[in-house]
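# no FASTA, just this:
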């Protein structure tokens, strides 16, 4: 244990001792304030914490969405004029939305299931529903996972009924998204906005955000955007396949950055799915090569 008397010379005047003690106290106060400030600013948002944990093995750098990347995407779209193609891309941390190709709404197919899931989770958060509620033959919690991870349409129908079609439209409107469940159309911009809000923790509380994102991994179809993403980049996504629609909407994350990539395509039917899958891969490869 240190002898406090060794902090000052013997026989020092009382005034000098008081000055020394005041100086030490002032130093400690400044250090304490600085420490509190640093700690407060070191706590990440839920979305940033999530991507830091899942993407910790990725490289430290991240690219930017620039004119060169936009030109590469537009070139790929131009080479596939037989299809309608819309692409939305943005940095989730308040980045500007970039759209390429078709900007008008598409029939959203199963990508809209993310909106339904978020709307139901909000009912849980305000106490109007519970994941333990009976919904069909199972609980609503089971139906949420089945709807997102397995793209189960029966689960989707049950959850939409639980939210209510008017309630679902109202929830979408609260996010500045125009959505009619009976028509089920979304633009790539709307879908990108939804995923960015989810990724950054502004849509749901941390528990529900992490649960929903976990359902958007290892889904029953990983052949679209996930198949073209390099090692070290974590993918959370929801695909859609219906008649002529083939879509994928994803959050691409590393410890350094997180981007939303939405690719909607429309063809003549299901016969050209392999060709449009290759198109989605080409766009994903261009994006990840530039950003990661």
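Arrived safely. None of the values given here were measured: they were computed from a predicted structure.

# what's the nearest residue to residue 208 if we skip its chain neighbours?
Computed as C-beta to C-beta, 6 or more residues apart in numbering, the closest residue to residue 208 that is not its neighbour in sequence is residue 121, at 4.4 Å. (Each C-beta comes from the backbone N, C-alpha and C, glycine too.)

# Confirm that neighbour sits in a helix?
Yes: per DSSP: H, G, I helix; E, B strand; the rest coil, residue 121 lies within a helix segment.

# Okay, the residue nearest to residue 136 when sequence neighbours are not counted and residue 126: tell me how far apart.
Closest residue to residue 136 in three dimensions, ignoring its sequence neighbours and counting by C-beta to C-beta, 6+ apart: residue 158, at 4.9 Å. Residue 158 is 20 Å from residue 126, where distance means C-beta to C-beta, to the nearest Å.

# Between these two, tell me which one has more neighbours.
Between residue 158 and residue 126, counted using other C-beta atoms under 10 Å, the more crowded position is residue 158 (20 against 8).

# For the helix or strand the more buried one falls within, which helices and strands make contact with it?
In this assignment (DSSP states H and E), residue 158 forms part of helix 153-163. Helices and strands touching helix 153-163, by 3 or more C-beta pairs under 8 Å, 6 or more residues apart in numbering; DSSP states H and E, are helix 113-125, strand 134-135, helix 140-149.

# Present the ones you listed as JSON lines; the columns should include mean neighbour count.
Shown next, in JSON lines, are these (neighbours: other C-beta atoms under 10 Å):
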{"stretch": "helix 113-125", "mean neighbour count": "23"}
{"stretch": "strand 134-135", "mean neighbour count": "15"}
{"stretch": "helix 140-149", "mean neighbour count": "22"}
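
# Out of those, the one nearest residue 275 is which?
Nearest to residue 275, of all the helices and strands packed on helix 153-163, is helix 113-125, at 25.0 Å by C-beta to C-beta.

# Please compute how far the helix holding residue 158 lies from its chain's middle.
Helix 153-163 sits 23 Å away from the centroid of its parent chain (C-alpha atoms, centre = their mean, to the nearest Å).

# what about the chain, any weak spots by pLDDT?
For the chain, the stretches flagged by pLDDT under 70 are 1-61.

# so where do the strands sit in it?
Per DSSP state E, the chain carries strands over the ranges 84-91, 98-101, 106-107, 134-135, 138-139, 185-186, 234-242, 245-253, 258-266.

# quick revisit: do you know which of the helices and strands packed on helix 153-163 lies nearest residue 222?
Closest to residue 222 of those is helix 140-149 (C-beta to C-beta; 11.0 Å).

# Touching, the residue nearest to residue 208 and residue 212? I think so.
Yes: assessed by C-beta atoms under 8 Å, residue 121 is found in contact with residue 212 at 6.7 Å.

# between these two, what contacts are shared?
Taking C-beta atoms under 8 Å, 6 or more residues apart in numbering as the criterion, residue 121 and residue 212 both touch 144, 204.

# What's the local residue count around residue 92?
By the measure other C-beta under 10 Å, the count of residues near residue 92 is 23.

# So it sits against residue 252, correct?
No: if you go by C-beta under 8 Å, residue 92 and residue 252 don't touch, sitting 9.4 Å apart.

# okay, and the common contacts of those two?
By C-beta under 8 Å, 6+ apart, residue 92 and residue 252 have these common neighbours: 258, 259, 260.

# I'd like those as JSON lines, with neighbour count and distance to residue 85 appended.
Listed next are those as JSON lines, based on neighbours: other C-beta atoms under 10 Å; distance: C-beta to C-beta, whole Å:
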{"residue": "258", "neighbour count": "28", "distance to residue 85": "23"}
{"residue": "259", "neighbour count": "27", "distance to residue 85": "18"}
{"residue": "260", "neighbour count": "27", "distance to residue 85": "17"}
